[in-house]
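1. 3D, please:
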Amino acid sequence: MDAFSLCWSLAGLALVGIFTNGVTGFDEMDLFNGFNDTSVYEKQENGANVLMVGLTLVQAASAKGAVCLDGSVPGYHLYPGYGSGANNWFIHLQGGAWCDSVKFCQYRKRSSYGSSTLMEKVLAFTGILSNKASENPDFYHWDKVKVRYCDGAFFSGDSENKAAQLQFRGKRIFLAVMEDFDGKGNASSKAVISVNNITLRLCSPAGCSAGGL
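-> Residues are numbered from 1 along each chain as shown. I've put the predicted structure just below:
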């Protein structure tokens, strides 16, 4: 099975409406730049504007043992929603297959799939992560998060190999990241998803490859 090409999409846990397509009447890039220390801007690519979102590292995760394969802290990219989409969350777990041997995992920890120190500092948000209504009519104005994959498994492990200096902490990473962006929306909204007392209002989780599993 080609895990790199196998993309899974989990149906929304609580999708309760189709939003009206449209565009904002203000420069949302100026409004969102620097949001929660996450840079958001647009760049020109082939004549079109492409949304670029900066990397947020979860520094507090280290104390919880929520670390990547090499022991570095995990990270995610956050684009804040606006208008009727504010506080509605689309959470995408990055894929990248998995490492199935000590040798492979040791190799992987020297890449962006095993260490946040090697992750790209900004990523393009396109397709289902786009902020354009014409490309992404259902989620363009939602809070959108891309969680980086660096645990070597399925965001679900919780063990280590001391001899090989490998940390398999996918479960802790998922919970630490959820906790980090919890409360960044409208805290008064009625929650419809709860994980370990972390609540998000309207949430549609998705992922690719290992993130999809």
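2. remind me which residues of this structure are low pLDDT?
-> Low-confidence segments of the chain, defined by pLDDT under 70: 1-38, 47, 182-213.
3. where is the longest strand in it?
-> With secondary structure taken from DSSP state E, the chain has its longest strand at strand 48-57.
4. mind giving me the packing neighbours of that strand?
-> Applying 3 or more C-beta pairs under 8 Å, 6 or more residues apart in numbering; DSSP states H and E, we find strand 48-57 packed against strand 40-45, strand 75-79, strand 122-125. For glycine as for every other residue, the C-beta is placed from the backbone atoms N, C-alpha and C.
5. can I get the helix or strand that contains Tyr107 in CSV, CA atoms only?
-> Element membership for Tyr107, per DSSP states H and E: helix 102-108. The C-alpha coordinates for helix 102-108 follow below in CSV (Å, rounded to 0.1, in the frame of the first residue of the first chain):
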residue,chain,number,x,y,z
VAL,A,102,14.7,1.6,14.3
LYS,A,103,17.0,2.4,11.5
PHE,A,104,14.2,4.1,9.5
CYS,A,105,13.1,6.1,12.5
GLN,A,106,16.6,7.2,13.3
TYR,A,107,16.9,8.4,9.7
ARG,A,108,13.5,10.1,9.9
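6. what residues of it count as buried?
-> Buried residues in helix 102-108, counting neighbours by 16 or more other C-beta atoms under 10 Å, are found at 105-106, 108.
7. and that helix, what does it pack against?
-> strand 166-168.
8. swap in 10 Å and give it another go.
-> On a contact count with 3 or more C-beta pairs under 10 Å, 6 or more residues apart in numbering; DSSP states H and E, helix 102-108 meets strand 159-161, strand 166-168.
9. go through the helices and strands packed on strand 48-57 and name the closest to Phe155.
-> In terms of C-beta to C-beta, the element of the helices and strands packed on strand 48-57 nearest to Phe155 is strand 75-79, at 11.9 Å.
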